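A.B. asks: Requesting a structural model of the entry that follows:
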Amino acid sequence: MRDTTIDKRHERKSKTAAQALQALMRLCSRAEKSSGDAMRLMRTWDVPEAEQQEVLDKLTELRFIDDARYAEAYAREKSTLSGWGIKKIAFQLRQKGINGEIITRTLSSLDNDEQKIRLEDKLLRKLRTTKASNNYELRGKLLRYAMSLGYEYDSAKDIIDKIIAEE
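C.D. replies: Next up is the predicted model:
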């Protein structure tokens, strides 16, 4: 005998535009959401495509959704707390459906000096746990790590050269 409560939880729930608006207003009041997040949720709720843009416009008009505000908060959090570089932040914002102009404006507001300090700190921590037989291998491992965090090649290379010269 199958448990029907499990089956009901895994069913896709369709929502009307009005239900989607109410649900998104609740979600947006608890946590910042982008327009791309809202559109993805409406697609999973099977909200008719013609009504999705109307719901999004209403959420934007009521200031529940503001992509510029979302991008600033996201970039600040990922830069400060996660230690991500500009390239990774930009990529993730594009994935979330944020406009290119907003991304450019947001990333230009990040402090380059703070980014370099954060990268140097991350690389010094990584250096303590990285095993390498020579400086060439160490340089490569640290560079790959910096690139995976989304930092520019040139700035990462300069900081790595400085760190290795000091060791």
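
A.B. asks: Report the separation between L93 and K126.
C.D. replies: 25 Å (CB to CB, to the nearest Å). C-beta: built from backbone N, CA, C; applies to glycine.

A.B. asks: Domain ranges for the protein, per the record?
C.D. replies: Listed domain ranges for the chain are 1-65, 67-110, 112-166 (source: automatic domain parsing).

A.B. asks: Could you dump those into TSV with mean pLDDT added?
C.D. replies: Listed next are these as TSV, based on pLDDT from 0 to 100:
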stretch	mean pLDDT
domain 1-65	85
domain 67-110	94
domain 112-166	94
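
A.B. asks: Deepest in the core, which of the ones you listed is it.
C.D. replies: domain 67-110 (a mean of 17; mean count of other CB atoms under 10 Å).

A.B. asks: can you give me the end-to-end distance of it?
C.D. replies: 17 Å (CA to CA, to the nearest Å).

A.B. asks: quick check, distance from that domain to the centre of its chain.
C.D. replies: Relative to its chain's centre, domain 67-110 lies at 7 Å (CA atoms, centre = their mean, to the nearest Å).

A.B. asks: tell me the SS of the residue lying closest to S29 once chain neighbours are set aside?
C.D. replies: Closest residue to S29 apart from its sequence neighbours, by CB to CB, 6 or more residues apart in numbering: F64 at 7.0 Å. Here F64 is coil, with the state taken from DSSP: H, G, I helix; E, B strand; the rest coil.

A.B. asks: Can you report phi and psi for F64?
C.D. replies: The phi and psi values for F64, taken as degrees, to the nearest 10, are phi -70, psi -30.

A.B. asks: surely it meets A31?
C.D. replies: No. Between F64 and A31 no contact is recorded; they are 11.0 Å apart, counting by CB atoms under 8 Å.

A.B. asks: now the strands for the chain?
C.D. replies: Assigned strands in the chain: none (criterion: DSSP state E).

A.B. asks: if you go through it in chain order, where are the helices?
C.D. replies: 4-10, 17-30, 35-44, 49-61, 67-80, 86-95, 100-108, 112-129, 135-148, 153-166 (DSSP state H).
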